[in-house]
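Q: quick check, what structure comes out for this input:
(one chain, ligands or ions: 1)
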Amino acid sequence: MSDQSWPWWPLLPLYPYGRRPTLVRELIPEQLWSFEQLQGVFYVAVPIRMTVARVPGGLMLYAPVAPTGEVLAALRDLEQRHGPVRSIVLPTASGLEHKLPVPAMARAFPQAEVWVTPGQWSFPLPLPLSWLGFPARRTRVLGDDGYPHAEALSWHSLGPIDLGLGRFQELACLHRDSGALLLTDALVAINQQPPELFDLDPTPLLFHARDRGDQPLIDTPELRLKGWQRLALFASYLRPEALQVPSLGTLLGQAFRPGCRSPRAYFGVYPFHWRTSSAAAFAELQPAPGRLRIAPVLERLVFPRTQAAIVAWLRQLARLRDLRWLVPAHYEAPVPCSAEQLGLLADELAARRWAPDDGNWAYLAGIDQQLLRWGVVPEQPRVG
Ligand SMILES: [Fe+2]
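A: Predicted coordinates for the structure are as follows:
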C-alpha cells in the first residue's frame, strides 16, 4: 500500500487523495505505455493518464501522473529495457491536475529535461515556476526553446486562447513510429464500458449506481455500467439535466440507514436523484463517427466563443497522414483514428450548434454567463 501513496495530495485534494493505485498498460507494443490513475470529487472520478513514449535514446513522459512508488518501479523497469527517461513534458498551460505531479516526477529523474507549455499560470497568485518546484536549470519552454525529440515527434499547438484569468494552450504531439497523436484535454473518447482502472476499486461506480442514499453498495456488472454512465455525465456536464438535487430533509432522512453507515458509502448521504435513465443521455456523449468529441466542460466553459479556432486546429491535425491513433490524457486510449476522421469531425463541429444553452448544457451555460457578467472571461477571447 505504501507504494501507492501520494503525499502531495493536499495541493489538489481530489479522490482518491493520499492513495493512488495505478494501472499500467502497454498501448502500442514496444512504443507507448499508459499509466492511469483516478481523480475526482465525491467519487466522481475519471481516469487521468500519463503516456510514456519511446524516443531516440530513451523515453519521454507526457503529462505526468503522481509518481508513487508503484509508478516509479514500473518506469525503472521500462528504463531497463528502452533507456533512460530523457524528457518530462507538461503539455498544458492550464490543467492543474497535470501540472502538480511534474516537480515530484522531475526530482525522481534528475537527468531528464523538463519541458513546459508557455504561459503557465497559477491561481490565486502568479508564482514563478521555480517556486512551484520546477527545476530552473533544466526546465525549457515548448516552442520558445524548441521542441524535444523533433526527429521523432511533430508538435501541434491548440491556442493560446485568452481566458481572462489565464490562458488555455495545449501541445499535442505526433509520435511518428506508432502513428499516435498524444493529447491532453481537448479531445476525448468516453469509454462505453467502465474503464479497467475501476477493477482495482469499483467503489465510485457502485456509489453512483444507486438512486437514493439509503441503498447499499451492490456490485454487479449492470450496476457498474450504470454507475460509470452517471460518472461520465457528471464529469461532462457537472449537473446533467436528468439530475435533481433533493431537499436537505430528504437527504438526512435517507442517511445513516443500515448497510450505509460507513465512510465508504459517505454514511448514506447521496445528494442526487436521477429523473430519467442515464443510459440515453450517456449515448449522446458519444457522437459518431469514432465517438471522438470535445469534452462538454471545455466546449461550454473554455471554448464557447472560439469555435473557429477549434475547427482550424482540427483541420491542421487532419493533415497528419501518418495518424493512426489518438491517446488523450483522459478516458479511453488508444482510440483508432485517421486524418480523414479528424477532417470529418472538423466539418461536423463547424456545421453544428456550438456550446448550446439548453438541456444537459444548461448548468455549464449558467456558469459561463455568470463569469461573462462579472467580466472574469472576455466577450471576444484573443486567439494566438
Ligand atoms: Fe486534464
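
Q: what values do phi and psi take at the residue in the stretch 1-150 of the chain positioned nearest to the ion?
A: When scored by CB to the ion, the stretch 1-150 of the chain has residue 95 as its residue closest to the ion, at 4.3 Å. (Each C-beta comes from the backbone N, C-alpha and C, glycine too.) Dihedral pair for residue 95: phi -70, psi 100, per degrees, to the nearest 10.

Q: ok, now residue 139?
A: phi -100, psi 130.

Q: for it, list each beta-bridge partner.
A: residue 114 (DSSP bridges).

Q: could you shift the numbering so residue one becomes 20, and keep it that way?
A: With the count now opening at 20, the last piece we talked about shows up as residue 158.

Q: so what pLDDT did it get?
A: You'll see residue 158 listed with a pLDDT of 93.

Q: for residue 215, which non-adjacent residue is closest in space?
A: residue 42 (6.2 Å; CB to CB, 6 or more residues apart in numbering).

Q: residues touching residue 300, list them.
A: 248, 252, 259, 260, 261, 379 (CB atoms under 8 Å, 6 or more residues apart in numbering).

Q: okay, who's weakest in these by pLDDT?
A: residue 261 (74).

Q: what sits against that residue?
A: By CB under 8 Å, 6+ apart, the neighbours of residue 261 are 252, 293, 294, 295, 296, 297, 300.

Q: from those, which is closest to residue 123?
A: residue 252 (32.3 Å; CB to CB).

Q: next, count neighbours for the residue nearest to residue 215.
A: 18 (other CB atoms under 10 Å).

Q: doesn't residue 93 make contact with it?
A: No - applying CB atoms under 8 Å, one finds residue 42 not in contact with residue 93, separated by 10.2 Å.

Q: pull the distance from stretch 47-55 to the chain's centre.
A: 17 Å (CA atoms, centre = their mean, to the nearest Å).

Q: same thing with stretch 85-100?
A: With CA atoms, centre = their mean, you get 21 Å for stretch 85-100.

Q: can you lay out the contacts of residue 261 as TSV showing distance to residue 86?
A: Shown next, in TSV, are these (distance: CB to CB, whole Å):
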residue	distance to residue 86
252	31
293	37
294	42
295	42
296	40
297	35
300	36
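
Q: which ones among those residues lie within helices?
A: 252, 297, 300 (DSSP state H).

Q: what's the closest of the residues you listed to the ion?
A: Nearest member of the ones in helices among the contacts of residue 261 to the ion, counting by CB to the ion, is residue 252, at 17.6 Å.

Q: quick one: residues contacting the closest one.
A: 259, 261, 262, 297, 300, 301, 304, 379.

Q: so residue 212 makes contact with residue 247?
A: Yes - assessed by CB under 8 Å, residue 212 is found in contact with residue 247 at 7.2 Å.

Q: looking at the two, which one has more neighbours?
A: Applying other CB under 10 Å to residue 212 and residue 247 shows that residue 247 carries more neighbours, namely 25 against 11.

Q: buried sites along stretch 40-57?
A: Using 16 or more other CB atoms under 10 Å as the test for burial, stretch 40-57 gives 40-43, 46-47, 50-57.

Q: ends of stretch 209-220, how far apart?
A: The straight-line separation of the ends of stretch 209-220 (CA to CA, to the nearest Å) is 19 Å.

Q: name the residues that touch it?
A: Contacts of stretch 209-220 (CB under 8 Å, 6+ apart): 35, 40, 42, 44, 55-57, 66, 221, 223-224, 243-244, 246-247, 251, 255, 304-305, 310, 312, 350-351.

Q: about what we covered before: export the contacts of residue 300 to TSV and tack on secondary structure and distance to residue 135?
A: Output for the contacts of residue 300, formatted as TSV (DSSP: H, G, I helix; E, B strand; the rest coil; distance: CB to CB, whole Å):
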residue	secondary structure	distance to residue 135
248	helix	36
252	helix	33
259	coil	34
260	coil	38
261	coil	40
379	helix	34
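
Q: so for the residue nearest to residue 215, what's the pLDDT?
A: 96.

Q: for it, give me its contacts.
A: Contacts of residue 42 by CB under 8 Å, 6+ apart are 53, 54, 55, 56, 215, 216, 219.

Q: let me have those residues in CSV, adding pLDDT as columns.
A: Below are these laid out as CSV (pLDDT from 0 to 100):
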residue, pLDDT
53, 98
54, 98
55, 96
56, 94
215, 95
216, 92
219, 89
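
Q: so which of those residues comes closest to residue 171?
A: residue 53 (18.7 Å).

Q: find the helix or strand that the closest one is a member of.
A: Following DSSP states H and E, one finds residue 53 within strand 51-60.

Q: got the buried residues for the next helix or strand after that strand?
A: Later in the chain than strand 51-60, the nearest helix or strand by DSSP H and E is strand 63-74. Burial within strand 63-74, assessed by neighbour count using 16+ other CB under 10 Å, is assigned to 63, 64, 65, 66, 67, 68, 69, 70, 71, 72, 73, 74.

Q: please apply the same query to stretch 387-403.
A: For stretch 387-403, a neighbour-count test (16+ other CB under 10 Å) marks 387, 390, 396, 400, 402 as buried.

Q: now that stretch: mean pLDDT?
A: Here the average pLDDT along stretch 387-403 is 80.

Q: measure that stretch end to end?
A: Note: stretch 387-403 ends 22 Å apart using CA to CA.

Q: any weak-confidence spans in the protein?
A: 20-21, 29-33, 60-62, 140-146, 263-291, 308 (pLDDT under 70).

Q: and the two most separated of the buried residues of stretch 387-403?
A: Maximum distance among the buried residues of stretch 387-403 (CB to CB): 18.1 Å, for 390 and 402.

Q: can you pull the contacts of residue 237?
A: 225, 228.

Q: quick check: it is in a helix.
A: No - counting by DSSP: H, G, I helix; E, B strand; the rest coil, residue 237 is not part of a helix but coil.

Q: distance of it from residue 228?
A: Here residue 237 is placed at a distance of 8 Å from residue 228 (CB to CB, to the nearest Å).

Q: what about the strands in the stretch 70-219 of the chain?
A: 77-81, 104-109, 132-135, 158-160, 172-181, 186-194, 199-201, 206-208 (DSSP state E, counting those that start in this stretch).
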